[in-house]
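S.K.: pasted the sequence and its predicted model underneath.
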Amino acid sequence: MSSYRLIIAITAVMLGAGIAGCGSGAGKKDKVRESGAAVIPRETTYLKIGHSVTGDTVYADTTSLRLLTQDGVHVYGSYLWRPPGKDGKTGAISGIREKDTVRGTFSYSQEGGRYTDSVKLVVSETAVVITQISPEGYPIVDTLVASE
């Protein structure tokens, strides 16, 4: 299986479990603490759904992020952005956590191409601010709310 298909398959499984599991086990997640940092779960899902109306049709713009960590330092996960009627982005995030900030890379597919951008995540217990830096240096910022 090509690495492209493998990443897509893993991302699909991770997102399916993360979105379907929202609300299950709330308050029972293991927490990881780093000196000076907020307590964060070993597994966290974030979600943002925006709606737009055109005529009689309501469109949903869905963004989801699933982060996992075993040691509180090395973070990995999946990130999905699915706008209505357009190609979105689907890929994997990996990085290193220092206090409440994760810096790493976002390897994704979009409109048939494969890309890798730098990414910075500022994590709190209720939200995450994602800043993706394109190879040209343009920042793309999004805020997602923690799913419980």
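M.R.: Perfect, I can see it now. Just so it is clear, the structure is predicted and the values come from calculations on it, not from any experiment. Numbering: from 1, shown residues only.

S.K.: point out where the chain drops to low pLDDT.
M.R.: Where the chain drops to pLDDT under 70, the residues are 1-41, 148.

S.K.: can you tell me the centre-most residue of it?
M.R.: Closest to where the C-alpha atoms of the chain average out (CA atoms, centre = their mean) is Leu65, at 2.2 Å.

S.K.: can you name every helix or strand that the one helix or strand that one maps to contacts?
M.R.: Here Leu65, judged by DSSP states H and E, is contained in strand 57-69. Counting by 3 or more CB pairs under 8 Å, 6 or more residues apart in numbering; DSSP states H and E, the packing neighbours recorded for strand 57-69 are helix 3-20, strand 43-54, strand 74-82, strand 89-98, strand 127-133, strand 139-147. (C-beta placed from N, C-alpha, C; glycine too.)

S.K.: name the SS class of Lys86, please.
M.R.: Assigned state for Lys86: coil (three-state reduction, DSSP: H, G, I helix; E, B strand; the rest coil).

S.K.: how much space between it and Ser64?
M.R.: As judged by CB to CB, to the nearest Å, Lys86 and Ser64 stand 16 Å apart.

S.K.: who has more neighbours, the two?
M.R.: Ser64 (22 against 10; other CB atoms under 10 Å).

S.K.: run through the bridge partners of that one.
M.R.: Leu47, Leu80 (DSSP bridges).

S.K.: okay but it is in contact with Thr45, surely?
M.R.: Yes. Taking contacts as CB atoms under 8 Å, Ser64 lies within contact range of Thr45: 6.8 Å.

S.K.: so who does Ser94 touch?
M.R.: His74, Val75, Tyr76, Gly77, Gly104, Thr105 (CB atoms under 8 Å, 6 or more residues apart in numbering).

S.K.: which of the residues you listed tops the neighbour count?
M.R.: Counting by other CB under 10 Å, top hit in the contacts of Ser94: Gly77 with 26 neighbours.
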